[in-house]
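Enquirer: My questions are about this predicted structure, shown below with the sequence.
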Amino acid sequence: MMRIGHGFDVHRFGEGDHLRIGGVAIPFDRGFIAHSDGDVLLHAICDALLGACALGDIGRHFPDTDPAWAGADSRELLRRVVAQVHEAGFRVGNLDATVMAQAPKLAPHVEAMAEAIAADLAVARGAVNVKATTTERLGFTGRGEGIAAEAVALLVGEGADE
Ligand SMILES: Nc1ccn([C@@H]2O[C@H](COP(=O)(O)O)[C@@H](O)[C@H]2O)c(=O)n1
Ligand SMILES: C[C@@]1(CO)OP(=O)(O)OP(=O)(O)OC[C@H]1O
């Protein structure tokens, strides 16, 4: 059986000196405003995986009102979601994602992101793809107000189709 899921997330910039995206710390003159570390890409991936399993969304599992997740490492959140995917009887087939950011330049970091994500998804490096795009200075990402990310995940396995 195969299941597909989609995830989307946005984080606004605030004060800071780095961004955490795809599990990688990227020096920048802004930070993300968030309850956790604000890793917009890993949050979109969590939602894609939860969506494929019909398990709701990240905010249901890790409420932003719960102090347990204050400053949380989103790689830990992703690993918890992957454990739920496995418990549901699925494994990740492949994952594709796009980060929308006018800046910083992400191309130098996408390999490290894909390696970290593949490790957390318990899949081969070749099952993960991370892309970046500007939005040609249009919209909130184009104005440099924040960053958005989308992810699509395919799951395979014998999970119950209930
Ligand atoms: N934050 C970003 C955005 C884009 N890139 C790379 O540049 C390429 C061209 O971007 P366009 O928005 O003009 O299509 C894109 O394919 C990425 O490789 C980047 O590294 N960081
Ligand atoms: C990740 C969580 C953790 O409390 O908080 P935030 O870092 O604010 O990120 P968001 O994308 O709004 O998702 C909700 C929460 O699950």
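Expert: Structure's in. What do you need? Ligands and ions are numbered 1, 2, ... in the order given.

Enquirer: C-alpha only now, for contacts and for neighbours.
Expert: Noted.

Enquirer: residues near Glu87, how many?
Expert: Neighbour count for Glu87, taken as other C-alpha atoms under 10 Å: 11.

Enquirer: ok, it to ligand 2 distance?
Expert: Distance, Glu87 to ligand 2, using C-alpha to the nearest ligand atom, to the nearest Å: 20 Å.

Enquirer: ditto for Arg137
Expert: For Arg137, the distance to ligand 2 equals 23 Å [C-alpha to the nearest ligand atom].

Enquirer: Which pLDDT value goes with the spatially most central residue of the chain?
Expert: Among the residues of the chain, the one closest to the centroid is Leu42, at 1.9 Å (C-alpha atoms, centre = their mean). At Leu42, the model reports a pLDDT of 99.

Enquirer: I'd say it and Leu78 touch.
Expert: Yes: using C-alpha atoms under 8 Å, Leu42 is in contact with Leu78, at 6.7 Å.

Enquirer: Would you mind naming the residues that bridge with Val92?
Expert: Going by DSSP bridges, Val92 is paired in beta bridges with Leu155.

Enquirer: quick one: contacts for it?
Expert: For Val92, the contact set (C-alpha atoms under 8 Å, 6 or more residues apart in numbering) comprises Leu121, Ala122, Val123, Ala153, Leu154, Leu155, Val156.

Enquirer: Do any residues in stretch 105-124 lie close to ligand 1?
Expert: Yes: for stretch 105-124, a contact with ligand 1 is found by C-alpha under 6 Å from any ligand atom, at Lys105, Leu106, Ala107.

Enquirer: Many thanks, have a good one.
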